[in-house]
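K.L.:
Okay, predicted coordinates and the sequence, questions at the end:
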Amino acid sequence: MKSICLLTRMLSITLIFSMLACNKEKLAERETLSAETMAAIDVQSLNGGAAVPVSWYKLELKLIKESSGFTPPVAARAIAYTGITLHEAVVWGTPWGHTLSGQLNGLSNLPKPEKWKKYNWAIAANSAMAQAIKDLFPNASAANQQLITQLEADNLAALADSCSQAEVDRSIYFGRQIATAIYQWSSTDGGKDGYLNNFPTDYVPPVGPGLWVSTPPQFQRAMLPYWGNNRLLLKFAPSDTAGAAFPAYSTDTTSAFYQAAKYVYQKGISLTPEENLIARYWADGGGTFTPPGHLIAITAQLVNDEDLSLTGAAKLFAQVGIGLNDAAILCWRHKYRYNVLRPVTYIRAQIDSSWMPLIGTPPFPSFTSGHSTFTSVSGHIMAARFGNSFSFTDHQKVPDGFAPRPFANFQAMINEAAISRVYGGIHYDFDSEVGKTAGYNLALRVLALQY
């Protein structure tokens, strides 16, 4: 083991000097990082620590289910800041890593580890994620708050034996520093208290032909109408061309809009058993871990199945989280910019007054599909990590009574999640197709960052 570690360090140092020779000015900041890190790297804590973040995401999914107000965009936000906190807590443990400070909107001047001091990065990750989740779920029940405290203690107990007490204390402190800095930054994005006010009473929906109205059977107020105004994590969002991608509203039976609604209606009354299953499998409605939660659960499963290192896991969790957060903002921006009525409203008015969709219609406009956008951005990010031909089986809905669901590749997952909303009767096909495109374009921006 010592010889392997020594060889790793020698190769890393050689690589650093080579890079500096090529572009010394550009890598000045990373030169300091690399030199400090060479004396502080704990190889074991990097390569054997992915179990720590996976354990925290499992608990976070429970909190999303059980904490009031964690609707899909609110859940996506929490997932994103958890991932960024994890990434920044461990990135200094590798000489080739890049902090997200300076790359994300408004994020700068994050704490740095002490020079030439040794850290256990799994312990830093554990304390950072514990603090982040406490901050992001302030309304967690007393029982779940106790679970947070217990998980932090259990993980620390499993990690601390291989370190001096000074290293343990230093690592815990650094993790908490990072979590506090990330949370302070997050509190200025416009979404901090979203869980408290999903249905603002001051919002008055626009009125007119083809515009969204509340839907049966609950007829709820509009959910998170201002979420699209939140600050994006990415500095540069993809161009918004969505408005040109859906047909003009019309009640003419020969129009493209009528035909799109008719397709939803006809599909709804003739679903095959498999299509029915697909609609229910991807429903992820109220009281569940939500669509963003489903996708971070798949991410955690693959991190575990593929035995990613701590830094590899941190990078992927950060990427998927950033994508989910900005997907929610961009999707909700579309929803309340175009205010397209839901299929149930159109079909009951123009085709069949007694028709109801298979699954409940969410309380916000139709265009674009959140499921499509969330799954597309996450699927393309995971494909970039594992490969376009990577096959996997999703086990996340087994506790809900579903069989494990296999996918030949990530595109198959994206396509199925997107069409599931048409099968469920709550989206037009154009909602889903444009959502898929938006998610893909967003994934390209996320992947362009340095991690």
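P.N.:
It's in. Numbering: from 1, shown residues only.
K.L.:
drop to CA atoms for contacts and neighbour counts, all remaining ones
P.N.:
OK.
K.L.:
Which of the three states applies to Thr393?
P.N.:
What DSSP: H, G, I helix; E, B strand; the rest coil gives for Thr393 is strand.
K.L.:
Okay, and the beta partners of it?
P.N.:
Beta-bridge partners for Thr393, by DSSP bridges, are Pro406.
K.L.:
Surely it touches Arg405?
P.N.:
Yes. With contacts counted by Cα atoms under 8 Å, Thr393 reaches Arg405, the gap being 5.3 Å.
K.L.:
how close does Pro238 sit to Asn198?
P.N.:
26 Å (Cα to Cα, to the nearest Å).
K.L.:
More neighbours: these two, which one.
P.N.:
More crowded of Pro238 and Asn198, by other Cα atoms under 10 Å: Asn198, with 20 against 15.
K.L.:
Can you read off the pLDDT for the more buried one?
P.N.:
Here, the pLDDT recorded for Asn198 equals 98.
K.L.:
before we move on, which element is it in?
P.N.:
Using DSSP states H and E, Asn198 falls within no helix or strand.
K.L.:
what's it in contact with, if anything?
P.N.:
69, 71, 223-224 (Cα atoms under 8 Å, 6 or more residues apart in numbering).
K.L.:
Then Tyr265?
P.N.:
347, 355, 425.
K.L.:
Distance of the first one relative to Ile426?
P.N.:
According to Cα to Cα, Ile347 stands 11 Å off from Ile426.
K.L.:
Enumerate every residue touching the closest residue to Phe199 other than its chain neighbours.
P.N.:
Counting by Cα to Cα, 6 or more residues apart in numbering, Phe199 lies nearest to Met223, which is 4.9 Å off, once chain neighbours are set aside. Residues near Met223 by Cα under 8 Å, 6+ apart: 198-200, 363-364.
K.L.:
and Met223, that one's in a helix?
P.N.:
No. Judged by three-state DSSP, Met223 forms no part of a helix; its state is coil.
K.L.:
Kindly state the neighbouring-residue count (a burial measure) for Leu277.
P.N.:
For Leu277, using other Cα under 10 Å, the count is 16.
K.L.:
secondary structure element for it?
P.N.:
Using DSSP H and E, the element containing Leu277 is helix 273-281.
K.L.:
Tell me how far the helix or strand following that helix lies from the chain's centre.
P.N.:
Toward the C-terminal end, the helix or strand that comes next after helix 273-281 (DSSP H and E) is helix 290-305. In terms of Cα atoms, centre = their mean, to the nearest Å, the centre of helix 290-305 is found 9 Å from the chain centre.
K.L.:
and helix 290-305, what other elements does it pack with?
P.N.:
Contact here means 3 or more Cα pairs under 8 Å, 6 or more residues apart in numbering; DSSP states H and E; on that basis helix 290-305 packs against helix 51-66, helix 72-90, helix 310-338, helix 370-386.
K.L.:
Where does pLDDT dip in the stretch 51-200 of the chain?
P.N.:
Applying pLDDT under 70 to the stretch 51-200 of the chain flags no residue at all.
K.L.:
That one: helices as residue ranges?
P.N.:
51-66, 72-90, 121-136, 142-159, 165-186 (DSSP state H, counting those that start in this stretch).
K.L.:
what's the closest of those helices to Ile278?
P.N.:
helix 72-90 (19.3 Å; Cα to Cα).
K.L.:
That closest one to helix 310-338, inter-axis angle?
P.N.:
Relative orientation of helix 72-90 and helix 310-338, computed by axes from the mean of the first three to the mean of the last three Cα atoms, to 10 degrees: 150 degrees.
K.L.:
Can you tell me which helices and strands helix 72-90 packs against?
P.N.:
With contacts taken as 3+ Cα pairs under 8 Å, 6+ apart, helix 72-90 sits against helix 121-136, helix 165-186, helix 290-305, helix 310-338.
K.L.:
which one of the ones you listed lies closest to Thr215?
P.N.:
helix 310-338 (15.1 Å).
K.L.:
Please identify which of Ile347 and Ile426 sits among more neighbours.
P.N.:
When neighbours are counted by other Cα under 10 Å, Ile347 and Ile426 differ, and Ile426 comes out ahead with 25 against 20.
K.L.:
related to what we said a few turns ago, including distance to Tyr173, could the contacts of Met223 go into CSV?
P.N.:
Compiled in CSV, these are given as follows (distance: Cα to Cα, whole Å):
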residue, distance to Tyr173
Asn198, 35
Phe199, 38
Pro200, 39
Pro363, 43
Phe364, 42
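K.L.:
Quick check, Leu271 in contact with Gly425.
P.N.:
No. Leu271 is beyond contact range of Gly425, at 10.4 Å (criterion: Cα under 8 Å).
K.L.:
So for those two, which residue has more residues nearby?
P.N.:
For Leu271 versus Gly425, the count of surrounding residues by other Cα under 10 Å is larger for Gly425: 28 against 15.
K.L.:
Tell me, what's the model's pLDDT at the spatially closest residue to that one that is not a sequence neighbour?
P.N.:
Excluding the flanking residues, the one nearest Gly425 by Cα to Cα, 6+ apart is Pro357, at 4.5 Å. Pro357 is assigned 98 on the pLDDT scale.
K.L.:
For Pro357, give me its contacts.
P.N.:
So Pro357 contacts 268, 344, 424-426 (Cα under 8 Å, 6+ apart).
K.L.:
wait, which of the residues you listed is closest to Tyr258?
P.N.:
Nearest member of the contacts of Pro357 to Tyr258, counting by Cα to Cα, is Val344, at 12.5 Å.
K.L.:
got the contact list for that closest one?
P.N.:
Residues near Val344 by Cα under 8 Å, 6+ apart: 215, 355-357, 361, 425-426.
K.L.:
how near is it to Leu447?
P.N.:
Val344 is 37 Å from Leu447, by Cα to Cα.
K.L.:
ok, how many other residues are close to Val446?
P.N.:
23.
K.L.:
And what about it, helix, strand or coil?
P.N.:
Going by three-state DSSP: Val446 is helix.
K.L.:
Present the contacts of Asn198 as TSV; the columns should include distance to Ala140.
P.N.:
Listed next are the contacts of Asn198 as TSV, based on distance: Cα to Cα, whole Å:
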residue	distance to Ala140
Gly69	11
Thr71	14
Met223	21
Leu224	21
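K.L.:
for the record, mean pLDDT for stretch 400-413?
P.N.:
Rounded mean pLDDT across stretch 400-413 is 98.
K.L.:
That should have said stretch 273-282, apologies.
P.N.:
98.
K.L.:
buried stuff in it?
P.N.:
Going by neighbour count (16 or more other Cα atoms under 10 Å), the buried part of stretch 273-282 is 275-282.
K.L.:
Which of the residues you listed sits closest to Leu61?
P.N.:
Trp282 (15.9 Å).
K.L.:
measure that closest one to Val377 for me?
P.N.:
Separation of Trp282 from Val377 (Cα to Cα): 16 Å.
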